[in-house]
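Participant: Sequence below, structure please.
(chains A, B and C)
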Amino acid sequence: MLEFRKLTKEFNGKRAVSDVTLSIPAGQMVGVIGRSGAGKSTLLRMINRLNDASSGQLLHEGREITALTGRDLRQWRNECAMVFQQFNLVGRLNVLTNVMSGRLFHHGFGTSMLGLFSARERAFAIRALDRLGMAHVALQQTDTLSGGQQQRVAIARALVQEPKILLADEPIASLDPLNAKIVMDALRAINTEDGLTVICNLHTLDTARHYCDRIIGMQDGRVVFDGTAAQLTDRMAREIYGAEAAEAFNEALTSTSLGGARPAPAVVAV
Amino acid sequence: MTALSFAAITDADVAAVRKSHPGAFGDPRLRAIRVAGWALAIGYVLYSLHLFEFVKLFDSSERAWRLISRMVIWQDMGNWAYAQIYVGIAQTVAMAFLGVLIGTIFALGLGFLAAKNTMPVGVVRHAVRRMLDVFRGVDDVVWGLVFVRAVGLGPLAGVLALWISSMGNLAKLYSEAIENIDRKQVEGVRATGADGPRIIRYGYLPQIFPVFLSLSLYSFESATRSATILGLVGAGGVGMIIIERFRAGLFDQVAFVVLNILVVIAVIDWLSGMIRKRFIGERGH
Amino acid sequence: MALTLTMPPVQPGQDAVALFEAHRAAIRRQKLTANLLLLGGFLVMLFWSIDVSRFWPESLIAGVPRIFEYFGSVMPTLQWDLLFAGANAEGRFPQGSIGFWYNDFWTYLSLIWETILMAITSTLIATALAVVLSFLAARNLTPAPWVGVVARRFLEFCRGVPEILFALVFVFAVGIGPLAGILAITIHATGALGKLFSEVNENASMRPVDGLTAVGGTWAQRMRYGVLPQVLPNFTSYALWRFEINVRAAAVVGFVGGGGIGQELNHVISFYSDDRVTAVLILVVLTVTLIDLVSERARHALIGKESLK
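Facilitator: All right, here's what the predicted structure looks like:
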């Protein structure tokens, strides 16, 4: 259970996230929607403390996340993995090393500086890559891969962290529709099979409707909608997106509804 | 697709992955090369530290401490002969300015002689380049000492030394700039029916002037730094004051002089940055 | 000096050509004044410099002939027929042979070898120190703002003071010998490389660093995995370039007792004005040029490999 209590973030006096109070039970797949600048990213980045809250509290299983420092904070970050819009992999390292870097929290100074990963870690990383259908490129330099492939590598890195929560910050915004579908299917599969809580920022509405158990709508840093996809009316959605409604509703853009049907979680296209 | 767990990875799993993805466990040859490289570098440093008697550093704490404390605690500041210090600094700047100015004038000619597109005769070009190598291959201080021997103690030797070294550096950089010139612009000017001097004035000069100016300014900055130490060998400037007072054990005054030089060099960097901006614009070179 | 380059809009009833000409004249006047001011400043600087550095015509007239005289006296006397003559029974070479000119060749060579070792050692240590300091000093990576400020000031100090001054101080502290030279060059090179490295770091992409923060990596792990792979080719190229400079520096720290060929160079130039001066100078120039050549090749190979990717 992840609990937000009046969580607020101010940048230079401007409120990016304002008094967010929510609770997210373990194992849920949550989609956060809203127009750009609505505070989705900031909200997500406050969960793993890439951004620090200005006021309010965040609790996970009763532990106060907003008060963590040092090793406790890093441990928390290890427990809630994140994938980014721009993948944030190290382009000049090979895929395998990028995935193994998900184990860095378990390493001391010496082994991590020397780049010594154990055989078990290597096997584990290959398994994770294999699960996303990426084991065949394990030794390739990461920046030679396509965006969709890189995002799958990033998910593999998140998996080797063995997290409890997976945060996805616009994971498909830089991808073409086919790759977007592959990535969203993978996230959904992780949610159902591993029981991970997945919190996902999404720009397009139909993706959120298709994949998420619960949708949170944000506007100007506030939560203005919290419910299931069925509860989200067209009028409500138009209000959330405002001027960007046309773009968000345009299914042809970064839509994942290629097949139209709800995806079968067990199948991940390679 | 099934859930993964690190704890559940057994030796059998490792063996299986090792079989299916042998490359994932690192190339043993590559690893050996890497280990050998590090061992070589670290071994070399340790050996050379031993060779150069690094332990002396730890035996010297008493003298080092005396030196540092004398540098920090400034005594008898009324009698520091400030006029002499500031004349020395002024002389340093003047030496650098003159040396680079004369060096620039000579480098203008030599640069064209050393560039492929303006000097088609290979023999001349190579002779000029080798000469420039000699000028650049020897540090300013060495030139300073040589000229002290030739013309005696004083700033004249310093100016000559800075002239030689800046000429060598600038001529090489100039020739590279001339070789990198955009031919199309020259062709364009030629197409208008311009004669020789006009081609140089409108085809070459607008392209190379900003680069040359910028290079000379950089050269002036670095010459100011070099000029401060030329005095150590008697070639004029503030270095003579530094070494005199250092030998006399007046470390506090040495520290003061060095601080002043650092400030002067910072000011010169700033000024030349302004001039560069004025002539070349924000892009800079 | 700001120039107004935009032309005022043409009002009805005005002649566009006349307006343009007036505007052009104004710009030219502005430019002319600015250039005249700069020229004036330049001339003042010139005459002041000539005066302060005593670069007067009479001292030039007295000095310049002596330059030729000196360089004449340090040229070796070589005779074609004796050029490759061997040593006689007492182990002496006849005057006019290369053997005579380079009588102390092996002494010079061992000193040059020492000089190169000094440069290698100090480049290696300085590079290692500069890598660590550059991460502390880079504005985007520093673990805490005050650490960044301290690291930047420290690097500024290290590269602000010339090697030979540091050498002077270290010779006092640890005694005459190559150790003082190595320490001096290492400190100066750390400052210079640290600045260059931290600029490279500041241009590195922060995305991988963010990614590793999210993994739960420590600061050191973020630098090692997020930044180092991005900047390593540049670091190597800069370190090689610094090695070229350090060889030159190692050849002169000996002037104040810092070891290497400089000690011999200083001795030879200060006490003799004969062919020994050119003998050492030529060896130094050859060494420096050779090392430049090799290192330049290596750098170009490195950059070439980069641009192919």
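
Participant: Please see if the helix or strand containing B:I275 touches chain C.
Facilitator: B:I275 belongs to helix B:251-280 when assigned by DSSP states H and E. Yes: judged by C-beta under 8 Å from any C-beta of the partner chain, helix B:251-280 and chain C are in contact via B:V258, B:L262, B:I265, B:I275, B:R278. Quick note: C-beta positions are derived from backbone N, CA and C, even for glycine.

Participant: Which of those sits closest to A:A119?
Facilitator: B:L262 (54.1 Å; C-beta to C-beta).

Participant: Relative to chain A, how far out is the closest one?
Facilitator: According to C-beta to the nearest C-beta, to the nearest Å, B:L262 and chain A sit 35 Å apart.

Participant: Show me where the chain has its strands.
Facilitator: Answering for chain A, as no chain was given. Along chain A, the segments classed as strands by DSSP state E run A:2-11, A:14-24, A:29-33, A:55-60, A:63-64, A:80-83, A:165-169, A:197-201, A:214-219, A:222-227.

Participant: on that earlier part again, tell me what the helix holding B:I275 is packed against?
Facilitator: helix B:61-72, helix B:82-114, helix B:205-230, helix B:238-247, helix C:16-52, helix C:145-160 (3 or more C-beta pairs under 8 Å, 6 or more residues apart in numbering or on different chains; DSSP states H and E).

Participant: Just the buried ones from the residues of helix B:251-280 next to chain C?
Facilitator: B:V258, B:L262, B:I265 (16 or more other C-beta atoms under 10 Å in any protein chain shown).

Participant: now the second one: how far from A:L50?
Facilitator: Relative to A:L50, B:L262 is positioned 40 Å away (criterion: C-beta to C-beta, to the nearest Å).

Participant: any chance you could map the helices in the chain?
Facilitator: In the absence of a named chain, chain A is used. A:40-47, A:70-79, A:95-100, A:109-114, A:119-131, A:147-160, A:177-194, A:205-211, A:234-241, A:245-249 (DSSP state H).

Participant: Hmm, no, I was thinking of chain C.
Facilitator: C:16-52, C:57-74, C:98-101, C:105-137, C:145-160, C:163-174, C:178-202, C:207-215, C:219-221, C:228-250, C:261-271, C:275-308.

Participant: Could you break chain C into its assigned domains?
Facilitator: Domains of chain C are assigned by automatic domain parsing as C:1-62, C:100-308.

Participant: what stretches of the chain score poorly on pLDDT?
Facilitator: Picking chain A for this. Along chain A, the parts satisfying pLDDT under 70 run over A:243, A:245-270.

Participant: meant chain C actually
Facilitator: When residues are selected by pLDDT under 70, those of chain C lie in C:1-10, C:12-13, C:303-309.

Participant: Looking at the helix holding B:I275 now, give me its mean pLDDT.
Facilitator: What helix B:251-280 shows for mean pLDDT is 86.

Participant: do the same with stretch B:118-133
Facilitator: 87.

Participant: what does stretch B:189-202 give?
Facilitator: The pLDDT scores in stretch B:189-202 average 81.

Participant: give the contact list for C:G259.
Facilitator: Residues in contact with C:G259 (C-beta atoms under 8 Å, 6 or more residues apart in numbering or on different chains) are B:F52, C:E114, C:M118, C:I176, C:G177, C:P178, C:L179, C:A180, C:G181, C:I182, C:V253.
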